[in-house]
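A.B. asks: Mind looking at a prediction? Sequence and model below.
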Amino acid sequence: MSKSIFTLAWKSNWTGAKDGTAQGVAKQRLIETLSKSDERIINDPYADRFVIGP
């Protein structure tokens with residue numbers, strides 16, 4: 001499931017579409033949690049509260 005969410009996020013960013021909804025913000029936070037901590041653009045200490053899992 002993570003792969004499909006990541007692919008969807010990548011495609012929407014590639015086309016330049018902007019999503020300022022709560023779902024769009026949660027999507028960006030999920031993408032940030034998939035990145036290594038030293039590669040993150042945004043360091044959100046609360047991002048782990050928006051995803052399920054460890």
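C.D. replies: Thanks, I have the structure now. Computed from a predicted structure; not experimentally measured. Numbers count the residues shown, from 1 in each chain.
A.B. asks: Could you list the low-confidence segments of the chain?
C.D. replies: Within the chain, the stretches with pLDDT under 70 are 1-19, 47-48, 50-54.
A.B. asks: Helices along the chain, start to end?
C.D. replies: Remark: helices assigned in the chain by DSSP state H are 2-14, 22-34.
A.B. asks: Return the set of buried residues in the last one.
C.D. replies: Within helix 22-34, the residues that count as buried by 16 or more other Cβ atoms under 10 Å are 27-33. From N, CA and C alone the C-beta is placed, and that goes for glycine too.
A.B. asks: Using CSV, list the CA coordinates for that helix.
C.D. replies: Extracted as CSV, the C-alpha positions of helix 22-34 are listed here (Å, rounded to 0.1, in the frame of the first residue of the first chain):
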residue,chain,number,x,y,z
ALA,A,22,-5.8,17.9,5.0
GLN,A,23,-5.4,14.8,3.0
GLY,A,24,-2.7,16.4,0.9
VAL,A,25,-0.9,17.6,4.0
ALA,A,26,-1.1,14.1,5.5
LYS,A,27,0.3,12.7,2.2
GLN,A,28,3.3,14.9,2.3
ARG,A,29,4.0,14.0,5.9
LEU,A,30,3.8,10.3,4.9
ILE,A,31,6.3,10.9,2.1
GLU,A,32,8.7,12.6,4.6
THR,A,33,8.5,9.6,7.0
LEU,A,34,9.6,7.3,4.2
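A.B. asks: now for it, which elements pack on it?
C.D. replies: Judged by 3 or more Cβ pairs under 8 Å, 6 or more residues apart in numbering; DSSP states H and E, the packing partners of helix 22-34 are helix 2-14.
A.B. asks: Quick check: nearest residue in space to residue 37, chain neighbours excluded?
C.D. replies: Spatial nearest neighbour of residue 37, excluding adjacent residues (Cβ to Cβ, 6 or more residues apart in numbering): residue 43 at 7.7 Å.
A.B. asks: Could you report the distance from that neighbour to residue 32?
C.D. replies: As for residue 43, its distance to residue 32 is 8 Å (criterion: Cβ to Cβ, to the nearest Å).
A.B. asks: What degree of burial does residue 38 show, as a neighbour count?
C.D. replies: If you count neighbours by other Cβ atoms under 10 Å, residue 38 ends up with 6.
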